[in-house]
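> just a sequence and a predicted model for now, questions to come.
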Amino acid sequence: MSAAPVVVCPDCDGMTFTLRPCRCTAYGNRFLVDGDGFGPRQEAYRNCEQCRGAGSVAYPCYRCGRRGRRRAQLVVSVANLDTGAVASHQVVPGGLDLRRDPAGGWVVDLADRVRDLAADVGAVVSGADVPALWLTPEWQPELPAARRYELEAEAILRADHAPWRLVLGRSVAAPTVDPVARLARLCALADLLLIDLVVEARRQGGGFGWDIRCEVPGSPVPAGTTGWYLSLEEALSHTDVAGALTGLAARGLAAPARRLRPDSPRPPGVAAVDVDQLERRVLADCVDPSSGDDLPGAQAIWRDGRWWHSTLRPGEPEEILAEQPTGQVVRRVRVPLTRGYETPAPSWLGEPVDWRPCPDCRPGGRLRVCDCRLGGRTAEPDCPHCCGAGLRPSALPCFTCGGSHRLHRTVLVTVTDLRHRVVHLAWDAGTPEVAPLVATQPGGKPVVQLPDRYRLGAWAAVLGGRPEDLADADGGFEIDRDLRDGYVTLPWAGADPVGEYVRRAGRGAPAGRLIVVAARPEAPPLPEMLRLTLGLDLALAVAVWDLRHNAGDPLRADGLRWSVEVKPRDAPLHPEDLPHQPSLAIALSWCVESLTDAVAGVAPADPATPIPVPCAGAAGFVTDPEPDLLRLAARHAGQAVTVRFTRTGCAVHRHDADGVRLLAEVPDLRDMWCL
């Protein structure tokens, strides 16, 4: 591998730090200022807590990592997920494929190079995120070579925030998303889960930005820009079920909680929707029919088997005071958007749910319960954070209510496979239940277990899923063991177990609703991931932790814990890097989702070390190592085991109390049993 060109960092001129105007100079020498502070530089604030009135602050240069030098190299790799074949191209000064752009300048468009690499590995790629490197007008073919290389290095450095770009493809093109079928699928999902599907267009510059999302009824119009897609068809092609559900809790924290009536009369089914007609109707609602004035946007809401349309109009201005790190206070005026027409309540909503204000936070402010009061203790008079008040400012959501400022007496639980099966439950505080004592916390608090109807793991089995696959529909985060198995820790003996359980389950839930997915995530098989990693000449670290002997003990983690990570071949293992995913499929899913970022992060930190340029043909048959991993984990039950797979073989490590211990290095994991 040839040495990578190393140049002086142009951002800090090799000084490892930059001297920039302090943020206070955007506001001037005033304590209370108006606006966002993006105007021209003004006088420094004399009492600034950052620059002490000097007007400038030294910041470590993040572009070079405080090294003063940077690597003028960019590597683009295309990999075939089905075969493991990899082809790469490196971009360095003096080796650029330049062409003229319509404006007369010079540009390096890597899209054509990516298509060539994809043909070499037999992969079909779409929407590849590769940069186009634009050279400054100073670059000309007749310049001396040294000057040309210097200007080309500057263009490469402008794209080195991700110096190793990975583009994934498959041997067969993925099926094209049918906008009509996708919209019908999302409408059917909203009917299944008893929520709304919102199609929204907002004005952005000279056009419109489209967004598709799920909401609970009563959710306010989100502030700020919600979508960046230029058409409804484009938004549908990029919004799947998981994307529509993401952010459901944040959008519905202020929505009122009401009971569900899943047995109410329902529409027979979702008919085919004319996407073009729906788009034209929403755009037509963005103009006030009475005056002809432009409105901020419009919405179409799918509810009760039909579309309801509403305009978006400016609401009452709100004044917001924001404290700055400089010690100044910025006053901003925000104009929220409201619906011009409120859709009638859906037929599947019942009576309101009782609630009480959260005692540990204050609405409209940042006051949260102080750490000195955790566990029900009395506030400490000498607490350095709250000075005995029991509340302290915090930017985090309230731990008790999750930011809703309400504690509901009923939590509405929906368990679904996101296809056809669903179960709607209502857990009411104060319901008398037989909850036997199963353990005692070290502090003396009793731990009880509620009956099967409160155990989400039992409902997952009813829907044909596995308890370890349970995940929150909003974000796909794991459902913890207490909700899975019905465990609840009581603050004192004799407390209401269902009430404590409801408070725990409803924390941060939109409109008091907890939507849980009981379905195996889509993930490639482990051999496929292994082939790809070996083709990239990296290491695949697979960790497994066998805790099945803790089954039945509510105070300890149980089951199997997995992690799958792509790392450099010589990356060290740390004792604290323990697996935490409840299943191998989930670990593989997270690994694939973060794969491009992981590959970009394995570029050597030392600019003198070049980025590898891997090229590998289609890999042969790779044996599935999962059975051997399970056998290895069972042999070392209670201790995490990490196996690092590379082209040269695999290394087996065990996480002990005093560090990570190398157990064996073998060509194949199956050879482990011959030792």
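Structure received. Numbers count the residues shown, from 1 in each chain.
> give me the nearest residue to the residue minimising distance to the centre of the chain, chain neighbours excluded.
For the chain, residue 475 is the residue whose C-alpha lies nearest the centre (Cα atoms, centre = their mean; 6.7 Å). In this structure, residue 475 finds its nearest non-sequential neighbour in residue 246, 6.0 Å apart by Cβ to Cβ, 6 or more residues apart in numbering. Backbone N, C-alpha and C define where each C-beta goes, glycine included.
> any idea how far residue 477 is from that neighbour?
To residue 477, residue 246 is 11 Å away according to Cβ to Cβ, to the nearest Å.
> one step back: surely the residue nearest to the centre of the chain is in a strand?
No. Under DSSP: H, G, I helix; E, B strand; the rest coil, residue 475 sits outside any strand and is assigned coil.
> give me the more crowded residue out of residue 246 and residue 477.
Higher neighbour count among residue 246 and residue 477: residue 246, with 18 against 9, using other Cβ atoms under 10 Å.
> for the stretch 151-300 of the chain, just list every one of the helices.
With DSSP state H, counting those that start in this stretch as the criterion, the stretch 151-300 of the chain has helices at 179-193, 232-238, 241-245, 248-252, 275-284.
> no no, the stretch 451-600 of the chain
456-462, 481-485, 497-505, 526-535, 584-593, 595-601.
> residue ranges with poor pLDDT in the stretch 351-500 of the chain?
375 (pLDDT under 70).
> how deep is the nearest residue to residue 354 once chain neighbours are set aside tucked in, by neighbour count?
Spatial nearest neighbour of residue 354, excluding adjacent residues (Cβ to Cβ, 6+ apart): residue 409 at 4.4 Å. Residue neighbour count, defined by other Cβ under 10 Å, stands at 19 for residue 409.
> number the residues from 22 up from this point.
Got it, first residue is 22 now, which makes that one residue 430.
> distance check, the closest residue to residue 452 other than its chain neighbours against residue 454.
Distances taken as Cβ to Cβ, 6+ apart put residue 519 closest to residue 452, at 4.8 Å, once the chain neighbours are dropped. The spacing between residue 519 and residue 454, counted by Cβ to Cβ, is 6 Å.
> okay, those two: which has more neighbours?
Between residue 519 and residue 454, residue 519 has the larger neighbour count (other Cβ under 10 Å), namely 21 against 15.
> so what's residue 377 up against?
Residue 377 sits next to 427-428, 430 when contact means Cβ atoms under 8 Å, 6 or more residues apart in numbering.
> residue 55 against residue 351, yeah?
Yes. Counting by Cβ atoms under 8 Å, residue 55 sits close enough to residue 351 to count as a contact (7.5 Å).
> neighbour count: those two, which is higher?
residue 351 (18 against 11).
> does that one touch residue 56 like I think?
Yes. Between residue 351 and residue 56 there is a contact under Cβ under 8 Å: 7.1 Å.
> contacts for the one helix or strand residue 684 maps to next, please.
Per DSSP states H and E, residue 684 falls inside strand 680-687. With contact meaning Cβ under 8 Å, 6+ apart, strand 680-687 is reached by 594-596, 662-663, 670-676, 693, 696.
> before we move on, the earlier item: in a markdown table, list the contacts of residue 377 along with secondary structure.
Below are these laid out as a markdown table (three-state DSSP):
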| residue | secondary structure |
| --- | --- |
| 427 | strand |
| 428 | strand |
| 430 | coil |
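> what's the closest of the residues you listed to residue 167?
For those, the closest approach to residue 167 (Cβ to Cβ) belongs to residue 427, at 67.4 Å.
> need phi/psi at the residue with the largest distance to the centre of the chain.
In terms of distance from the mean C-alpha position of the chain, residue 163 ranks first, at 48.0 Å (Cα atoms, centre = their mean). Note on residue 163: its backbone torsions stand at phi -90, psi 0 [degrees, to the nearest 10].
> of the helices of the stretch 172-321 of the chain, which stretch is the most buried?
Most buried of those by mean neighbour count (mean count of other Cβ atoms under 10 Å) is helix 269-273; its value is a mean of 22.
> hang on, isn't residue 633 packed against residue 558?
Yes. Applying Cβ under 8 Å as the test, residue 633 and residue 558 come out as touching, 6.0 Å apart.
> between those two, which one's more packed in?
A direct count of neighbours by other Cβ under 10 Å for residue 633 and residue 558 places residue 633 higher, at 20 against 17.
> quick check: that one is in a strand.
No. Under three-state DSSP, residue 633 falls outside any strand and is assigned coil.
> residue 623 versus that one, what's the distance?
Using Cβ to Cβ, residue 633 is found at 9 Å from residue 623.
> try residue 309
Counting by Cβ to Cβ, the gap from residue 309 to residue 623 is 54 Å.
> where do the helices of the stretch 322-471 of the chain begin and end?
Going by DSSP H, counting those that start in this stretch, the stretch 322-471 of the chain shows no helices.
> okay, strands next: where are they in it?
Using DSSP state E, counting those that start in this stretch, the strands of the stretch 322-471 of the chain run over residues 327-335, 339-344, 350-355, 358-360, 370-373, 376-378, 388-390, 412-414, 427-429, 431-437, 443-449, 458-461, 467-470.
> how about CSV for the ones you listed, with distance to residue 511 added?
Formatted as CSV, those follow (distance: least, Cβ to Cβ, whole Å):
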stretch, distance to residue 511
strand 327-335, 45
strand 339-344, 40
strand 350-355, 43
strand 358-360, 43
strand 370-373, 28
strand 376-378, 19
strand 388-390, 19
strand 412-414, 25
strand 427-429, 16
strand 431-437, 17
strand 443-449, 16
strand 458-461, 9
strand 467-470, 5
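> do you know which of the ones you listed lies nearest residue 47?
With Cβ to Cβ as the criterion, residue 47 lies closest to strand 350-355 of those, at 9.6 Å.
> which residues sit against the closest one?
So strand 350-355 is contacted by 48, 52-58, 244, 338-345 (Cβ under 8 Å, 6+ apart).
> now do it against strand 339-344, angle only.
150 degrees (axes from the mean of the first three to the mean of the last three Cα atoms, to 10 degrees).
> mean confidence for strand 350-355?
Mean pLDDT, strand 350-355: 90.
> dump that strand to PDB, restricted to CA.
Below are the C-alpha coordinates for strand 350-355, written out as PDB (Å, rounded to 0.1, in the frame of the first residue of the first chain):
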ATOM      1  CA  VAL A 350     -30.200  35.700  27.100                       C
ATOM      2  CA  VAL A 351     -31.700  35.600  23.600                       C
ATOM      3  CA  ARG A 352     -35.400  36.500  23.100                       C
ATOM      4  CA  ARG A 353     -37.000  34.800  20.200                       C
ATOM      5  CA  VAL A 354     -40.500  34.900  18.900                       C
ATOM      6  CA  ARG A 355     -41.900  31.600  17.500                       C
END
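> could I get stretch 550-559 in PDB with only the CA atoms?
The C-alpha coordinates for stretch 550-559 follow below in PDB (Å, rounded to 0.1, in the frame of the first residue of the first chain):
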ATOM      1  CA  MET A 550     -22.100 -10.300   7.100                       C
ATOM      2  CA  LEU A 551     -18.900 -12.300   7.600                       C
ATOM      3  CA  ARG A 552     -18.200 -12.500   3.900                       C
ATOM      4  CA  LEU A 553     -18.700  -8.800   3.500                       C
ATOM      5  CA  THR A 554     -16.300  -8.000   6.400                       C
ATOM      6  CA  LEU A 555     -13.600 -10.300   5.100                       C
ATOM      7  CA  GLY A 556     -14.000  -8.700   1.600                       C
ATOM      8  CA  LEU A 557     -13.300  -5.300   3.200                       C
ATOM      9  CA  ASP A 558     -10.300  -6.800   5.000                       C
ATOM     10  CA  LEU A 559     -11.600  -5.800   8.300                       C
END
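> alright, I will stop here.
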